[in-house]
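In: I need the structure of the sequence given here:
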Amino acid sequence: MASRDDWPTPVQGLALTHFLTVRDVAVSRRFYADVFGGQVVLEENPCIVKIANGWIIMNPGGGPTPDKPDVVLTAPEPGDPVSSFLNVRVSDIAAFYEQAVAKGARFLTEPLDRKAELRCYLRDPDGYLIEVGQATGMLEGIFADRANPPGSRA
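Out: Residues are numbered from 1 along each chain as shown. Predicted coordinates:
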């Protein structure tokens, strides 16, 4: 049985969780538990996986409910534009990358040096984008180049 600290139930203040609409709860649960070393707190309805100091909550999609009357939840389709993504910070990106690949994770690229950080991206079983990064230059005041420097025309 999970302890109170394993649930996203703060004693005071708030706790931030991330909800994902998934096609197959068991597949997604296994991915987040295996690749990120998560602890399954609740298997379904909704699935809750504690990862480090946060939680991923997963459930299948569905139509409107009384508390969200005009909202339909669906997992992303291949080719859908990305409007948000999960950002995971690690202390050793090379070790994380190696371990995640060994567990079946498929990354878009290997970790790349972006001046401020090393980072790479992968997708979960439903296609959600996940950034994995390790702070490097930013710890020394070195940051990535701006995409559109002030005064430039995009």
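
In: so where do the helices sit in the protein?
Out: Ranges of helices in the chain, per DSSP state H, are 25-35, 93-102.

In: ranking those helices by burial, who's on top?
Out: Ranked by mean neighbour count, these are led by helix 25-35 with a mean of 19 (mean count of other C-beta atoms under 10 Å). Every C-beta, even on glycine, is put in place using the N, C-alpha and C of the backbone.

In: Show me the shaky parts of the protein.
Out: For the chain, the stretches with pLDDT under 70 are 149-154.

In: Can I get the helices of the chain in CSV including distance to Glu131?
Out: CSV is the format used below for these (distance: least, C-beta to C-beta, whole Å):
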stretch, distance to Glu131
helix 25-35, 14
helix 93-102, 11
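
In: Go through these and name the closest to Gly62.
Out: Gly62 lies closest, by C-beta to C-beta, to one member of those: helix 25-35, at 12.6 Å.

In: circling back: between the helices of the chain, which gets nearest to Ile48?
Out: Counting by C-beta to C-beta, Ile48 lies closest to helix 25-35 out of these; the figure is 9.2 Å.

In: Next, the angle from that closest one to helix 93-102.
Out: Angular relation of helix 25-35 and helix 93-102 on a 0 to 180 degree scale: 140 degrees, by axes from the mean of the first three to the mean of the last three C-alpha atoms, to 10 degrees.

In: which helices and strands does helix 25-35 pack with?
Out: The criterion is 3 or more C-beta pairs under 8 Å, 6 or more residues apart in numbering; DSSP states H and E, and the helices and strands that helix 25-35 contacts are strand 39-42, strand 47-51, strand 54-59.
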